[in-house]
Each structure stands twice: as C-alpha cells, then as structure tokens.
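Participant: everything below, folded, please.
(one chain, ligands or ions: 2)
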Amino acid sequence: MRKVFVKTRNVKNFIALINSLQQKYEGVSRIGLVYGEPGLGKSRTALWLAAQNDAVYIRSANLMTGRWFLEELVEELGEIPRYWTSDLFKQCINRLLERPQMIIIDEVDYLAGDQKTIETLRDIHDKTNVPIVFVGMTLAQRKLQKYKHLYDRLSEIVQFKPFSVSDVQDIVAQLCEIEVTEPAIGLIHSHANRFRQIVRLINRLEAVANTNNLQLIDENIIKEIMKNDSRQSYENNKGAKYILAG
Ligand SMILES: Nc1ncnc2c1ncn2[C@@H]1O[C@H](COP(=O)(O)OP(=O)(O)OP(=O)(O)O)[C@@H](O)[C@H]1O
Ligand SMILES: [Mg+2]
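Facilitator: Ligands and ions are numbered 1, 2, ... in the order given. Okay, the predicted model is just below:
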C-alpha cells in the first residue's frame, strides 16, 4: 500500500475551516470545531494540517487537568514549563503574543468535562487571538454546547461524514497498488466506508493479488474476500477460487 495522504471531501472541508479561521477580521472569534465518527481520518488530517500550518498539535488525554494541558502546551511551544499554573498560563500567553501559532486540540471530548480547562482555552484565545481548532467525536459538539461562552465563539464547525463513492474511489486509487474495477469500488463503498476499514481491506486485496498473481481486482474477488472474512475462518473456505490468505 502506498503511503499517501488522500485529500478526501472531509479533508478539503477541514482545510477550508482553517483558511476561514485564519482570514477572520480582528475581533472576530477564531475558534473552530471538527467532529465526527471514529476512523474517518480526523486525527491524521489534524496532524497533517498542523505540519502544513506550523500549528501546535495537542492530543488530550483521559484525566487531563488544566495544569497538565498547559504544561503540554508550553512544551509544544518550545519552552520549559514553570511550576505554578499561573506562570504556565503567562508563559503560553507571552509566547503566543510574541510568535502567534494556531493550536489544534485533538480528542477534545476528554477536556469537555472540565470547565476550568475549557475556560482557560477561551482565555488563551481572547488574549492572543490565535486560531484554536477543537477536534472530537460525534458528541463533542453537544458536550461543548454547555459552555455557552465558548460555544458562542465557535465560528466554524465541520462534521466529518462517511465517505461517498467518489471518496472511496480516490482513496483506493491513491493507496492501493493493484488496480480495482469500478463495480468493485461500489462494493467496497457499500461495505466499508471509514478509513480504518478501507485501509484494512486494501491490505487484504494486495495480499490476495500477490498470492494469486492478479493484476486487477474485480467485484467477484471482493465478494469472496468479504464472504471469507465474515466467516472468519479459512477452514470453511477450502473450495474458494482464490487463495485468500495473505
Ligand atoms: N487522508 C488520509 N490519507 C491516508 N490515510 C488516512 C487519511 N486519513 C486517515 N488515514 C488513515 O486512516 C486511519 C484512521 O484515521 P484517524 O485515526 O485519523 O481517524 P479518526 O477520525 O481520528 O478516528 P478516531 O475518532 O477513532 O480518533 C489511520 O490509519 C490513518 O492513517
Ligand atoms: Mg482520532
């Protein structure tokens, strides 16, 4: 499988959100939210965009406190964290005023239960005006809604949606090293339309193609692989036309 970053429709919407936050007039809030179901590529896209935009990427963790968050932020900003929480906060503000950088916070669901951390983020935004992007799961939007002062500042919201057929076509064409027919793409889309499932299936396709010396994958091969995988046993599949192990 090729190691390529695919610009799906979701990725393009995330890029548009960042561009729009960066272009807001002075005084207009620059906080955005990207949310969606697992495995659609939110984290990978957030990391890719952080690198493209020289942004700070922080992945929140379970049990993360405001102090822990500030320590991580100070470190990501390239400074040595001080001891007191108030000093950590000042370090972030001073550093961001000196050299503004966008902040992308992944797995924001973990922070959404902690009012103090959420308010600290709002303060960082208000004092520095740097864009802040929250990335979270499907419930993130509802979880953040209870913080009215923050929610009012969300000026851009993007939902990552399950892939369309043309997204799956792009993903397979760019990642898979074996050619796949159009009807086969349709079949993949109807069974697997999240990145993790598609990546797993592409790995299987390549392994089956290698073992059987195939140059082209059609819908019959996909059907056999799916039948085999749903049985979850190679034993039951001795009569299969293709050797499905890989
Ligand atoms: N644009 C992309 N191009 C190529 N591979 C991708 C892309 N986006 C995601 N992937 C791959 O798909 C898998 C799932 O992506 P990722 O972890 O980013 O999903 P997620 O939406 O953050 O899921 P979760 O909600 O569980 O955190 C990863 O293996 C990742 O490398
Ligand atoms: Mg993720």
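
Participant: any buried residues in stretch 144-160, and which?
Facilitator: By 16 or more other Cβ atoms under 10 Å, the buried positions in stretch 144-160 come out as 144, 147, 150, 153-156, 158, 160. Backbone N, C-alpha and C define where each C-beta goes, glycine included.

Participant: tell me the secondary structure at the residue nearest to residue 32 when sequence neighbours are not counted.
Facilitator: Leaving aside its sequence neighbours, residue 32 sits nearest to residue 156 (Cβ to Cβ, 6 or more residues apart in numbering; 4.1 Å). State at residue 156, reduced to three classes by DSSP: H, G, I helix; E, B strand; the rest coil: strand.

Participant: okay, domains of the chain per the record?
Facilitator: 9-160, 165-232 (automatic domain parsing).

Participant: in CSV, list the ones you listed along with mean pLDDT and distance to residue 1.
Facilitator: Formatted as CSV, the domains of the chain follow (pLDDT from 0 to 100; distance: least, Cβ to Cβ, whole Å):
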stretch, mean pLDDT, distance to residue 1
domain 9-160, 93, 14
domain 165-232, 89, 5
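
Participant: mind checking which of the ones you listed is nearest residue 3?
Facilitator: domain 165-232 (8.4 Å; Cβ to Cβ).

Participant: does the closest one reach ligand 1?
Facilitator: Yes - shown here: domain 165-232 in contact with ligand 1 (Cβ under 6 Å from any ligand atom) through 195-196, 199.

Participant: most neighbours among those, which one?
Facilitator: Comparing the residues of domain 165-232 next to ligand 1 by number of neighbours (other Cβ atoms under 10 Å), residue 195 comes first, having 22 neighbours.

Participant: look at the residue of the chain found nearest ligand 2 and give its secondary structure.
Facilitator: Distance from ligand 2 to each residue of the chain (Cβ to the ion) is smallest for residue 43, at 3.1 Å. Secondary structure state of residue 43, per three-state DSSP, is helix.

Participant: residue closest to the middle of the protein?
Facilitator: By Cα atoms, centre = their mean, the chain has its centre lying nearest to residue 42, at 1.2 Å.

Participant: surely it and residue 160 touch.
Facilitator: Yes - in this structure, residue 42 is within contact of residue 160 by Cβ atoms under 8 Å, at 5.5 Å.

Participant: contact residues of the protein facing ligand 2?
Facilitator: Within the chain, the positions near ligand 2 by Cβ under 5 Å from the ion are 42-43.

Participant: in the chain, which spans are strands?
Facilitator: 31-36, 56-59, 103-106, 132-136, 154-160, 179-180, 216-217 (DSSP state E).

Participant: those strands: which one's closest to residue 166?
Facilitator: Relative to residue 166, the nearest member of these by Cβ to Cβ is strand 179-180, separated by 13.9 Å.

Participant: which positions in this structure make contact with ligand 1?
Facilitator: Checking the chain against ligand 1 by Cβ under 6 Å from any ligand atom, the hits are 5-6, 8, 11, 38-45, 137, 195-196, 199.

Participant: just the buried residues of stretch 144-160 now: which is nearest residue 188?
Facilitator: residue 160 (18.9 Å).

Participant: and the closest residue to the closest one other than its chain neighbours, how far from residue 223?
Facilitator: Spatially, and ignoring its direct neighbours in sequence, residue 160 is nearest to residue 36 (2.9 Å; Cβ to Cβ, 6+ apart). Distance, residue 36 to residue 223, by Cβ to Cβ, to the nearest Å: 29 Å.

Participant: ok, residue 24 next?
Facilitator: Spatial separation of residue 24 from residue 223 under the definition Cβ to Cβ is 50 Å.

Participant: more crowded one of these two?
Facilitator: Using other Cβ under 10 Å as the criterion, residue 24 and residue 223 rank with residue 24 on top: 16 against 13.

Participant: residue 206 contacts residue 1, doesn't it?
Facilitator: Yes - Residue 206 is within contact range of residue 1, at 6.2 Å (criterion: Cβ under 8 Å).
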